[in-house]
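*Asks:* mind looking at a prediction? Sequence and model below.
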Amino acid sequence: MQELRELARKLLQEKQVSAILGYEHGRLGTRPAFVTDVADCERLVFDHRCVHNLAAYLSPRRTHIAALGRLAVVVKSCDARAVAGLIRESQIKREDVVLIGVRCGGVVRDAADARPLSADNVAPRCVACEKREPTLADHLVGEPKPAPAGSGSRDARLSEIEAMSAGERLALWMQLLAPCTRCHACRQVCPMCFCERCIAEKTQPTWIETSPHARGNLAWHLTRALHLAGRCVDCGECERACPAQIPLGLLNRKVARVVADRYGYIVADDPSTPTPIGTYQLDDAQEFIQ
Amino acid sequence: MNTKRMLSRANLDALIRDLVAAGTVVVAPTHSSGQERTGVTYGQVQSPDEVLLDGPQPIRPLKGVVFPPTEALFRWRQEKSAVKIEEVPTGFKETVVIGARPCDAAGLEVVDCVMGWDFRDELWFGRRQATTVLAMACTTCDESCFCTAVGLSPTSTRGADWFLTPVDGGFEVDVVTPKGEAILDRYKARCPEAGGAAPSRTAGLEQQVRANLDVRPDRIRGWLETHFDDPLWKRVALRCHGCGACAFVCPSCHCFDIVDEPDGAASGTRRRNWDSCQTALFTLHGSGHNPRKDQTARFRQRIMHKFSIYPARFGEVLCTGCGRCVRVCAAGMDLVSILAEIDRAAQGGGEA
C-alpha cells in the first residue's frame, strides 16, 4: 500500500499527472477515488475488494473527467486489457495515461464484501485468470500474489446452455432478460461501450426499441454482445452493475468463445494486436457466405 | 377508523388463497423465478408458499405495480391522409399488495403529488385506485437504509391501507384507510379484533436506521437552494458512471420517456418507458445543445430534484430512504454519506 501511495505522491509532485484514479475505502466497501492533492494519496488502497474496472473512466466522452488533465490509473491485469482496447481503437493515446499496474490475487464479487478472499466470494472471472499482473503498465506495485482459490469450472453453465436446442435457448434467454428495465447500466460501466451515440438511442430509424418488452430487451442485449465480439475484456462490470441481476457475462463469454474458436483470438492487454473485427485475412473462414 | 385487528399467519395464508380465488391479483415479495441468481422481488403470487415476508428488501421497488417499466398509451394507424388513434384497453385489475415495505408504500403517496399536479395521470391513478397496499413493518435493515432521515420509519404507515406489525403468531393489523376498511369488510372473518397489545418484533430497528444517517431534510434543502455551483458537485460526481441504475430501483423516481414504435409502414404504438435524468440523452435538445452537459450537472439534478425542487413544489422530499440506490451503485456512490456531508456543511461544519 505504501509503495502505491509513494508512487502516487511522486507522480503528482513531479506533475507527471494531474490526478490519480485509484481506489479508496468508502463507508460500504471500496470505491473509485480521484486524488488530485498530494496529501490525499493516503486514501489510496489496493486489496481484494478493488473490483471496479477504472478504465471505463478514461473514455474521452467523460468530459468532466477529461477536464482533470492527464491521469494515472491503477490497473489490474483485466483492467489493463480495457486500456489496451481503448488504445487499439484510437480512443486514447498510450502517452495520455500513466498506468500503475497492481499485482492481483483475485477480487471479490461485491465491493461491499468485507470477508477475506475465498472460494466462496471470489469473482468468477478471477478463478480462471492466469495473469497476476498486467503487461501493459508503466509501473508495477505490490507483492507477488498467489492465484485465487476456486474451481476452474466457470463455464460449465455456458456449456450446458450450448447443449440446448435453439428453441430452448431462446426460451431461456427470454426468461433471463425479462427483468431488464433498460437502465443501460451494463453499457455505462463498460469500458468498451464508448460510442458517441449508442445504436439503442438512434430513432431515425429505431434499430433497437428502447421499451423494456421482450422484443426490445432481446434486440438490445444480443446487439450489445455482438458489438463486443473480440472486444469484451471480461471484466464482469456489466453483470456487477445490473440492478436486475441478469447474467450478462454468459452472453459475452459465449461470443468470446466463438471468436477464440474461429479466429484464434483472445483479448489481451497488448494494444498493437489488431482485433478480428478490425482486420481482414485471405484465409478467414467464410463458409457462411452462400 | 384505525381499528386494531389480529391476523394469524394461518389466516394470512387463507386470506391470500381467498384473494387469489376471487380473481384478485396478489403481489408480494417473492423469489425471482427462473433466474440464474436468486433474489427477492415484488411479484404476482398464486399461493401463500410463494410469499416471502421475512426475507431481504425486494431488489426493485413497488412502483412497477402502478407504473410499469413500459406501457402502451395508444395505437395509431395511418389511413390515407388521416391518422386514426385507437385507445388501448385500460381496465385496471384489482390488486392487493401484501408485505410492502414502508419505504415502498410511502413512495406511492409521494409520487401521487406530481402525478396529480398540472395533469392528472389516468394510468397512474387508475392502478393506484385498483391497488390496496397491505404494508408491513420492517424486521430487518442494513447500512444503506435511511428512512428515518426523510421523515419515515420502519413502522411508518404512509401509503398503506393496512399496516401489519409482526407479533408472535402473526400480525397486528392497523386498518389505515377507507380502502383498507373495504378489504376488511370482505375478509373480516380472517381478522378478528385484537385482544390487548401484543409485543412487536420491530423494536430497536429505528435506532439502528437512525445511526446510519441523522440529518434534517429542511436544512439540506436550505443549503441546496444556495449552492448550485458548489465544488461538492464536481468532486462527488466524478465516480458516477451516469448509468441510471439508481433511478430505476428508486421508489420515488418517476420520469418517463415517450416513444413511437411502428409495427408496420402505417401503424404502431405509442408507449411510455421508465427513464432517468442521469443519462446525457435525457436533456439533449434537437439542436445538439445539452443544458446538462456533464455528469456533474446530471448528478446535481438528481439531488436537487429530490431534496429541493420537489419539496419546494409539493412539500415532500422525493426520497423514502430505502437505500436501494446505495446498494446497486457499481461505482460506490453513497447517498447516505453525501447527505451527511451536505447536512454538515449546512451547519457550517467545514467543507461540503
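*Replies:* It's in. What you see is a predicted model; the values in this text were computed from it and never measured.
*Asks:* ok, the residue of the stretch 251-352 of chain B at minimum distance from chain A - contacts?
*Replies:* Nearest residue of the stretch 251-352 of chain B to chain A (CB to the nearest CB) works out as B:Gly332 at 2.7 Å. Where C-beta positions appear, they are placed from N, C-alpha and C, glycine not excepted. B:Gly332 makes contact with A:26, A:28-32, A:52, A:111, B:239, according to CB atoms under 8 Å, 6 or more residues apart in numbering or on different chains.
*Asks:* redo that, cut-off 7 Å
*Replies:* For B:Gly332, the contacting residues are A:26, A:29, A:31-32, A:111, B:239, by CB atoms under 7 Å, 6 or more residues apart in numbering or on different chains.
*Asks:* how about the residues of the stretch 151-300 of chain B by chain A?
*Replies:* The stretch 151-300 of chain B has residues B:234, B:237-239, B:241-245, B:248-249, B:257, B:259, B:261, B:271, B:273-274, B:276, B:281, B:294-296 near chain A, with proximity defined as CB under 7 Å from any CB of the partner chain.
*Asks:* change it to 6 Å
*Replies:* B:238-239, B:241-245, B:248-249, B:259, B:261, B:271, B:273-274, B:281, B:294-296 (CB under 6 Å from any CB of the partner chain).
*Asks:* how long is stretch B:222-234 end to end?
*Replies:* 20 Å (CA to CA, to the nearest Å).
*Asks:* okay, and the helix or strand of the chain with the least pLDDT?
*Replies:* In the absence of a named chain, this looks at chain A. The helix or strand of chain A with the poorest confidence is helix A:124-127; it has a mean of 89 (mean pLDDT, DSSP states H and E).
*Asks:* with chain A as the reference, measure out to B:Lys80.
*Replies:* Using CB to the nearest CB, to the nearest Å, B:Lys80 is found at 23 Å from chain A.
*Asks:* and that residue, what are its phi and psi?
*Replies:* Dihedral pair for B:Lys80: phi 50, psi -120, per degrees, to the nearest 10.
*Asks:* ok, back up a step: can you redo the contacts of B:Gly332 as a markdown table with secondary structure, neighbour count and pLDDT?
*Replies:* Shown next, in a markdown table, are the contacts of B:Gly332 (DSSP: H, G, I helix; E, B strand; the rest coil; neighbours: other CB atoms under 10 Å in any protein chain shown; pLDDT from 0 to 100):
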| residue | secondary structure | neighbour count | pLDDT |
| --- | --- | --- | --- |
| A:Gly26 | strand | 18 | 93 |
| A:Gly29 | strand | 19 | 91 |
| A:Arg31 | strand | 23 | 97 |
| A:Pro32 | strand | 26 | 97 |
| A:Ala111 | coil | 24 | 90 |
| B:Arg239 | coil | 24 | 95 |
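*Asks:* and of those, the nearest to A:Arg70?
*Replies:* A:Pro32 (17.4 Å; CB to CB).
*Asks:* so who does the closest one touch?
*Replies:* A:52, A:54, B:239, B:331 (CB atoms under 6 Å, 6 or more residues apart in numbering or on different chains).
*Asks:* quick one: which of those residues is nearest A:Arg197?
*Replies:* Taking CB to CB as the measure, A:Arg197 lies nearest B:Ala331 of the contacts of A:Pro32, at 22.8 Å.
*Asks:* which SS class is the nearest residue to A:Ala137 once chain neighbours are set aside?
*Replies:* Spatial nearest neighbour of A:Ala137, excluding adjacent residues (CB to CB, 6 or more residues apart in numbering or on different chains): A:Gly101 at 2.9 Å. Following DSSP: H, G, I helix; E, B strand; the rest coil, A:Gly101 is assigned to strand.
*Asks:* interface residues of the stretch 1-150 of chain A facing chain B?
*Replies:* Counting by CB under 6 Å from any CB, the stretch 1-150 of chain A sits next to chain B at A:26-28, A:31-32, A:34, A:63-64.
*Asks:* one more time with 10 Å, if that's ok
*Replies:* A:19, A:21, A:23-34, A:36, A:51-54, A:56-57, A:61-68, A:110-112 (CB under 10 Å from any CB of the partner chain).
*Asks:* A:Val233 contacts A:Ala84, correct?
*Replies:* Yes: taking contacts as CB atoms under 10 Å, A:Val233 lies within contact range of A:Ala84: 8.2 Å.
*Asks:* which neighbours do these two share?
*Replies:* Common contact partners of A:Val233 and A:Ala84 (CB atoms under 10 Å, 6 or more residues apart in numbering or on different chains): A:55, A:267-269.
*Asks:* tell me which of the contacts of A:Pro32 is nearest to A:Arg5?
*Replies:* Nearest to A:Arg5 among these, with distances taken as CB to CB, is A:Leu54, at 16.6 Å.
*Asks:* A:Val74 is in contact with the closest one, correct?
*Replies:* Yes: A:Leu54 is in contact with A:Val74 according to CB under 10 Å; the separation is 6.3 Å.
*Asks:* sticking with B:Ala106, tell me its helix or strand.
*Replies:* Element membership for B:Ala106 (DSSP states H and E) is helix B:102-115.
*Asks:* the next helix-or-strand element following that helix vs chain A: in contact?
*Replies:* Next along the chain after helix B:102-115, taking DSSP H and E as the criterion, comes helix B:122-130. No: residues of helix B:122-130 are not located near chain A by CB under 10 Å from any CB, the shortest gap being 15.1 Å.
*Asks:* quick one: buried residues of helix B:122-130?
*Replies:* Buried residues in helix B:122-130, counted by 16 or more other CB atoms under 10 Å in any protein chain shown: B:123-124, B:127-128, B:130.
*Asks:* and of those residues, the nearest to chain A?
*Replies:* B:Leu123 (15.1 Å).
*Asks:* shouldn't the closest one be in contact with B:Glu71?
*Replies:* Yes: in this structure, B:Leu123 is within contact of B:Glu71 by CB under 10 Å, at 6.6 Å.
*Asks:* now the helices for the stretch 51-200 of chain A?
*Replies:* A:63-66, A:77-88, A:124-127, A:156-162, A:166-177, A:185-188 (DSSP state H, counting those that start in this stretch).
*Asks:* in the stretch 201-350 of chain B, what residue spans correspond to helices?
*Replies:* Using DSSP H, counting those that start in this stretch, helices in the stretch 201-350 of chain B cover B:205-212, B:217-225, B:231-237, B:245-248, B:295-304, B:310-314, B:324-328, B:335-346.
*Asks:* out of those helices, nearest to A:Val127?
*Replies:* With CB to CB as the measure, helix B:324-328 is the member of these nearest A:Val127 (24.5 Å).
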